[in-house]
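[1] Need coordinates for the following:
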Amino acid sequence: MSPSVFEIVTYTVADIDQAQQGRARAHEALKSYPGFRGWTPFTAVEGEAVFIDLVEWDTLENARAAQDAFLTDPATEAFRAAFGKTIVMKHAVV
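    Here you go, the predicted model:
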């Protein structure tokens, strides 16, 4: 298996409950995207409503294609609507 590409996204949400529900639906959608290997969701325990998602892809190309598809996929709409501000979004390899 080739090395994984990790997408690390840290962002705020306006409504934690709405975001959690949308996040679950988005996770189901992303499972069908080419190159998807896994998703580990994190929620901050202190301060503002901050989420961190660690998404694993097989290639950088598939990660970028998924990012584009995510922005227009009806299955991710509720999740996108819950977003506040993106703090950081980066791709990294191990």
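[2] how close does the nearest residue to Arg23 once chain neighbours are set aside get to Ala92?
    Take Arg23 and drop its neighbours on the chain: the residue closest to it by CB to CB, 6 or more residues apart in numbering is Phe79, 5.5 Å away. (Each C-beta comes from the backbone N, C-alpha and C, glycine too.) Counting by CB to CB, to the nearest Å, the separation of Phe79 from Ala92 is 22 Å.
[3] If you count surrounding residues, which of the two has more?
    Phe79 (24 against 11; other CB atoms under 10 Å).
[4] Just the buried residues of the host helix or strand of that one, please?
    Using DSSP states H and E, Phe79 sits in helix 77-82. For helix 77-82, the neighbour count (16 or more other CB atoms under 10 Å) marks Ala78, Phe79, Ala82 as buried.
[5] Including pLDDT and distance to Thr12, could the residues you listed go into JSON lines?
    Output for those, formatted as JSON lines (pLDDT from 0 to 100; distance: CB to CB, whole Å):
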{"residue": "Ala78", "pLDDT": "89", "distance to Thr12": "16"}
{"residue": "Phe79", "pLDDT": "91", "distance to Thr12": "13"}
{"residue": "Ala82", "pLDDT": "90", "distance to Thr12": "10"}
